[in-house]
Structure formats: C-alpha cells, structure tokens
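Undergrad: what follows is a predicted protein model with its sequence.
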Amino acid sequence: MARNEHIVIRSARNADEQAIAVLGVLDGGRHMPKGDVTVAEVDGRIRAAVGSNGSAISDPFWPSADLVSMLRVRTESESVDRPARFFARRPALRVAAGV
C-alpha cells in the first residue's frame, strides 16, 4: 500500500453484497465472512472483509494483508466493546454469489 491511499474501514451495507461476493470468488470462496461484516475500502473499492464469524477475504491481486489485520483489530475491539445482544438481531449480510 502506498502512503497516500485513502482507506476507509466500515460496516458492510446491503449494497456491498455483490462486491463482497466477487471478492470472495477472487479469494477462493472457501470461507466467506458471515454475521456482522466489516470491510476495508481503498480509494472507493472494497479490498478486504472480515465477518464476526472470524472468516476473512481479501483481494489477492492487491497487497491486502495489512488491511485484514486492521479489520481483525476493529472486529475484536467491537466485540469487546459491545454487550451481548440476546433479543435484537441484525440480519446477517448475505454474500452468496448471485444473490
């Protein structure tokens, strides 16, 4: 990654489903992120995603190991900061290709 790239780390939205599905295919599609998904955008393009299930995907054609590390730190800190939610559930982000 270059020092001047604009990186945004945020929660995935429904509009990201297709981009995450494509990223999963590029990454091999073995373990897709599920649950609360956090993504890393570089210059407006999703390059990595980590789910609350611990699975991570990233763009194999982009130096994205640092992005995955940042996402894991964010995901772990969010799980510590948030109290357990027993009754209120947010629908899981569907990331299956073609959905």
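TA: All right, it came through fine.

Undergrad: what residues are bridge-paired with the residue positioned nearest the centre of the chain?
TA: Nearest to the geometric centre of the chain sits Ala49, at 2.0 Å (C-alpha atoms, centre = their mean). Using DSSP bridges, the beta-bridge partners of Ala49 come out as Val39, Ile57.

Undergrad: check contacts around it.
TA: Contact analysis of Ala49 by C-beta atoms under 8 Å, 6 or more residues apart in numbering lists 12, 20, 23, 33, 37-40, 56-58, 71. Glycine gets a C-beta too; all of them are placed from N, C-alpha and C.

Undergrad: and if we set it to 6 Å?
TA: 20, 33, 37, 39, 57 (C-beta atoms under 6 Å, 6 or more residues apart in numbering).

Undergrad: who touches Val50 in this structure?
TA: Contacts of Val50 by C-beta under 6 Å, 6+ apart are 33, 38, 56, 71-72, 75.

Undergrad: no no, Leu26
TA: By C-beta under 6 Å, 6+ apart, the neighbours of Leu26 are Pro60.

Undergrad: most surrounded residue in the contacts of Val50?
TA: Pro33 (27 neighbours; other C-beta atoms under 10 Å).

Undergrad: is that residue in contact with Gly54, as I believe?
TA: No - using C-beta atoms under 6 Å, Pro33 is not in contact with Gly54, being 8.4 Å away.

Undergrad: still on that earlier bit, looking at the contacts of Ala49, which is nearest Glu5?
TA: Glu5 lies nearest to Val39 out of the contacts of Ala49, by C-beta to C-beta, at 15.1 Å.

Undergrad: that closest one: neighbour count?
TA: 24.

Undergrad: check His6 too.
TA: His6: 8 neighbours (other C-beta under 10 Å).

Undergrad: residues of stretch 22-35 that come out buried?
TA: By neighbour count on 16 or more other C-beta atoms under 10 Å, the buried set for stretch 22-35 is 23-24, 27, 32-33.
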